[in-house]
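Trainee: here is the input, now give the coordinates:
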Amino acid sequence: MANELTFQFQTNLSNGELKDQHSSNSISVDQTTAKLVRNVQTVGTAAAGEALDMGDLASAGYAIFVNLDDTNFVEIGRSIGGSFEEFLKVEPGEQALCRLATATPYAKADTSDVELFYIIYDD
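Mentor: Numbering: from 1, shown residues only. Got it, this is the predicted structure:
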């Protein structure tokens, strides 16, 4: 099969006199292995971040992250030599979509633990 995973994008901006909107055709991508992980994980503030539970995914592809906290942001990243390197910030109540460049994503909360909902599709 091909094009098993489909995304649609639309943005609308209205900030005073600044107006913008963007809508693109949907994109469809192939998924080699029919697996995903769907989880809510409590993420702490440890300087090195903490590994997200990936279940038995062989390789990470597209990911959706939803910060369920009302106050604190959470960063998504990877561990490099035991240090956390962020590549994505999700503000309180926000969500984000990205294609992961690591099979072992980490997360780190701002100043207090947050609940992070995520879906990661096997590539």
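Trainee: okay, CA-based contacts and neighbour counts for the rest of this
Mentor: Fine.
Trainee: can you tell me which residues contact the residue nearest in space to the middle of the chain?
Mentor: In the chain, the centroid-proximal residue (C-alpha atoms, centre = their mean) is residue 65; its distance is 3.5 Å. Residue 65 is in contact with 90, 95, 96, 97, 116, 117, 118, 119, counting by C-alpha atoms under 8 Å, 6 or more residues apart in numbering.
Trainee: against residue 10, how distant is the residue of the chain most remote from its centre?
Mentor: Taking C-alpha atoms, centre = their mean, the residue of the chain most remote from its mean C-alpha position is residue 17, at 31.4 Å. Distance of residue 17 to residue 10, computed by C-alpha to C-alpha, to the nearest Å: 20 Å.
Trainee: neighbouring strands of the helix or strand hosting residue 40 in the sheet, and parallel or not?
Mentor: Assigned by DSSP states H and E, residue 40 belongs to strand 36-43. Partners of strand 36-43 in the sheet, by DSSP bridges, are strand 114-122 (antiparallel).
Trainee: what about the partner strand, distance to the chain center?
Mentor: 6 Å (C-alpha atoms, centre = their mean, to the nearest Å).
Trainee: switch to numbering from 13
Mentor: Got it, first residue is 13 now, which makes that one strand 126-134.
Trainee: would you mind writing the CA trace of it as CSV?
Mentor: The C-alpha trace of strand 126-134 is given here as CSV (Å, rounded to 0.1, in the frame of the first residue of the first chain):
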residue,chain,number,x,y,z
VAL,A,126,3.2,18.5,32.7
GLU,A,127,0.9,15.9,31.1
LEU,A,128,1.9,15.3,27.5
PHE,A,129,-0.4,13.5,25.1
TYR,A,130,1.3,12.2,22.0
ILE,A,131,0.8,10.0,19.0
ILE,A,132,3.8,8.8,17.2
TYR,A,133,3.4,6.9,13.9
ASP,A,134,6.0,4.3,12.9
